[in-house]
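# turn this into a model:
(chains A and B)
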Amino acid sequence: MVEMETFGESRRRADAGTVVAYVLLAVGSVAMFFPFVWMVLSAFKPIREIFQLTLLPHAWTWANFRQVLFHTSFPRWFLNSLVVAGISTVSVLFFCSLVGYTLTRLRFPGRSVLFVIILSTLMVPTEMLVIPWYVMSTQYHWVNTYWGLAFPGLIPAFGVFLMRQFFQTLPRDLFDAGRVDGVSEFGLFWRIGLPLVRPGLAALGIFNFVGNWNAFLWPLIIAKSPAMRTVPVGMALFSGEASTQWNLIMAASALAIVPVLLVFFIFQRQIIEGVVLTGVKG
Amino acid sequence: MRPTATDLKTADAREAVRPRRRRLSLGTREALWAYAFLLVPLAFYGFLRIYPAIQSFNLSLHKWNVDPAQRTLVGLDYYREMLSDAKLHQALRNTVLYAAIVVPAQLVLGLTIAVMLNAVRRLRPLFRAIYFSPYVTPAAAVAWVWGWMYSVNFGILNNAFIAWSDFVTRLGLPWLSIPAQGFLNDPHQALPAVAAVVVWQQLGFQVVIFLAGLQGIPRMFYDAAAIDGAGGLQRFRYVTLPLLNPVMVFSVIISTIATLQLFDQVVNINFTDQGGPLGTTLSIAVYMYQQAFSKFQIGYASAVTVLLFVLILIVTLVQLRLLQRRVEY
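Residues are numbered from 1 along each chain as shown, chains lettered A, B, ... in the order given. Now for the predicted structure:
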């Protein structure tokens, strides 16, 4: 009986705790989501309402979106961002998993040294690389090209590390069996390894897409012509082009987050899973 | 269909050849495949990561010229110049200050939100998505919304302060009123104002990391603690915190590195006066960018990036030592 009572007691206390958690989370959500909601709703406001302190537009309008889509370079920037994020995501998924696979599943002299070398590049901040990259890009005429925009992010060391963690969880027998059956070395990777690390690929792909979509420093340096700007760079320089037309800026912002939001809402479960499996738990 | 004699013979022959070829080269063959797989990635790391990193050091020791043959060695001149560069010192101070605000704020808020998210079942995906949404929002969009919220005359914050002051004055408590603030225009408030934006934007990532860590703690530890009569707070203190320590170390290091490299928010929130007002929001990364790509002081800017590299390296190593010692529980 005593046991039962203490159990009931802690249950009640836990319930009170849960209620507090819900309330605090809801309050926090408002603070976290408010700027976001304000941005999206302002995109539907006519210019005269943009500075009014009302959340909802009085007169809803699509005019801002029409203006941004048909009378600015925004669609071109959007395309550039899609191309760059697309190229780099495909490359990252293929090469990071290939390197991760090779470093776990194949035996060869220098394996651990190569892994340490690749990991050590994580310590070098991007800021330190952009100047030599730019010098290189002017030399090889990579300025204002998709290659120039995309090359820094083609095989990130973090991705190699992540995929290596995933491949390490696979049993060795699987690959030995494939080898006995005469599957080629590339086939072992492509047909046996890759399908088994799909959660890792999903997490890596999402993080990489979001990271590249929002990348700012390098595209700001390498995209000299307006036509080669990506969305973040184009929007940063938009203020000059659109002066103080905040309604257009809000509409552009709302459009810019659509791809990342789509990707995030569809795959948010994999993001958590991916982080769990990076070995964060130590 | 039965195999014919020739089929069998060739199969035999293949079998006879196979083991020999294999024995000869099993290890070598695997190594050759490995090198073949690594060819492109290693070229990438060598040419686009390691060489540029070394090149950075090299550029910092030379006076810049487009023609490599014309670059003259200046030795440590740029490093000596950094010693007396007041603007750089300001950027350095600011950057350390950013880290001092952003890192603890993210740790405490990120952990609190993750623990609460872990405690609720219903609406968890919705909350998670809401808390993560700023992280996926482009810095330019974030900067505009916050720039507008901070706006001295139109901003929602100052309007809220005015409304609040009116309200308390009418209640006869004028000492509770809050005057309108300068925020981004005020040299004393600009840095904390930008830091708040950074915390707001990066918090979602920290929450995800902590959630992953919390989900990695086996339930039985909590059950055991509950049987021993530990209340909610005690369980947090004696189970969650120690078991989450590696995740906290990871989180602190990741957010410190990111904050020391702060660039996007600073540039976007004040695009026409980057790092302003009066350089009070200037970060090292922004200063490097200005030196390299506005003033074309390539050699000096390279020396600044080397400084940033060393700073990040030292801070990370110190944090690893200090924080990991506490893991022994």
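
# domain map for chain A?
If you go by automatic domain parsing, the domain ranges for chain A are A:2-63, A:72-280.

# can I get the ones you listed in a markdown table including mean pLDDT, mean neighbour count and distance to B:Ser255?
Any C-beta I mention is one placed from the backbone N, CA and C, and that applies to glycine too. Output for the domains of chain A, formatted as a markdown table (pLDDT from 0 to 100; neighbours: other CB atoms under 10 Å in any protein chain shown; distance: least, CB to CB, whole Å):
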| stretch | mean pLDDT | mean neighbour count | distance to B:Ser255 |
| --- | --- | --- | --- |
| domain A:2-63 | 78 | 14 | 17 |
| domain A:72-280 | 87 | 19 | 13 |
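
# can you redo those as JSON lines with distance to chain B?
Output for these, formatted as JSON lines (distance: least, CB to the nearest CB, whole Å):
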{"stretch": "domain A:2-63", "distance to chain B": "4"}
{"stretch": "domain A:72-280", "distance to chain B": "3"}
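
# let's have those in JSON lines, adding distance to B:Leu320.
Output for those, formatted as JSON lines (distance: least, CB to CB, whole Å):
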{"stretch": "domain A:2-63", "distance to B:Leu320": "31"}
{"stretch": "domain A:72-280", "distance to B:Leu320": "12"}
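
# pretty sure A:Ser73 contacts A:Met228?
No: counting by CB atoms under 8 Å, A:Ser73 stays clear of A:Met228, with 10.3 Å between them.

# and the residue nearest the centre of the chain?
Went with chain A since none was named. For chain A, the residue nearest the mean C-alpha position is A:Val210 (2.1 Å; CA atoms, centre = their mean).

# let's do chain B instead
Relative to the mean C-alpha position of chain B, the nearest C-alpha, by CA atoms, centre = their mean, is the one of B:Ala258, at 2.7 Å.

# pretty sure it sits against B:Gln206.
No: using CB under 8 Å as the test, B:Ala258 is too far from B:Gln206 to be in contact (10.3 Å).

# just how off-centre is stretch A:36-49 within its chain?
Stretch A:36-49 sits 26 Å away from the centroid of its parent chain (CA atoms, centre = their mean, to the nearest Å).

# just the CA atoms of it, as CSV, please.
Presented in CSV, the C-alpha positions along stretch A:36-49 are these (Å, rounded to 0.1, in the frame of the first residue of the first chain):
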residue,chain,number,x,y,z
PHE,A,36,9.0,33.8,-38.6
VAL,A,37,5.3,34.2,-38.6
TRP,A,38,5.7,38.0,-38.9
MET,A,39,7.9,37.6,-41.9
VAL,A,40,5.5,35.3,-43.7
LEU,A,41,2.4,37.4,-42.9
SER,A,42,4.2,40.7,-43.9
ALA,A,43,4.9,39.2,-47.3
PHE,A,44,1.1,39.4,-47.9
LYS,A,45,0.8,43.0,-46.8
PRO,A,46,0.7,45.9,-49.2
ILE,A,47,3.6,48.4,-48.7
ARG,A,48,1.5,50.9,-46.7
GLU,A,49,0.7,48.3,-44.0
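
# number of residues surrounding the residue lying closest to the residue nearest to the centre of chain B once chain neighbours are set aside?
In space, and not counting its chain neighbours, B:Ala258 is closest to B:Gln202: 6.8 Å by CB to CB, 6 or more residues apart in numbering or on different chains. By the criterion of other CB atoms under 10 Å in any protein chain shown, B:Gln202 has 21 neighbours.

# check contacts around B:Gln202.
B:Gln202 makes contact with B:Val102, B:Gln106, B:Tyr135, B:Ser255, B:Ala258, according to CB atoms under 8 Å, 6 or more residues apart in numbering or on different chains.

# and if you look at A:Ala150?
Contact analysis of A:Ala150 by CB under 8 Å, 6+ apart lists A:Val84, A:Ile87, A:Ser88, A:Ser91.

# ok, now B:Leu88?
Neighbour list for B:Leu88: B:Met82, B:Ile284, B:Tyr287, B:Val304 [criterion: CB under 8 Å, 6+ apart].

# look up how far chain A lies from it.
From B:Leu88 across to chain A, the span is 14 Å (CB to the nearest CB, to the nearest Å).

# going along the chain, name the helices of chain B.
B:5-45, B:51-60, B:77-83, B:86-119, B:124-132, B:139-150, B:156-170, B:190-215, B:219-227, B:232-235, B:241-260, B:264-269, B:284-293, B:298-325 (DSSP state H).

# could these go into TSV alongside distance to A:Thr121 and mean pLDDT?
Output for the helices of chain B, formatted as TSV (distance: least, CB to CB, whole Å; pLDDT from 0 to 100):
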stretch	distance to A:Thr121	mean pLDDT
helix B:5-45	6	70
helix B:51-60	7	94
helix B:77-83	24	94
helix B:86-119	22	94
helix B:124-132	28	85
helix B:139-150	24	83
helix B:156-170	42	89
helix B:190-215	21	91
helix B:219-227	37	84
helix B:232-235	41	80
helix B:241-260	14	88
helix B:264-269	22	90
helix B:284-293	18	95
helix B:298-325	12	90
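
# which among those is found nearest to A:Phe44?
With CB to CB as the criterion, A:Phe44 lies closest to helix B:139-150 of the helices of chain B, at 14.6 Å.

# which strands and helices sit next to that closest one?
helix A:2-42, helix A:231-242, helix A:246-256, helix B:156-170, helix B:190-215, helix B:264-269 (3 or more CB pairs under 8 Å, 6 or more residues apart in numbering or on different chains; DSSP states H and E).
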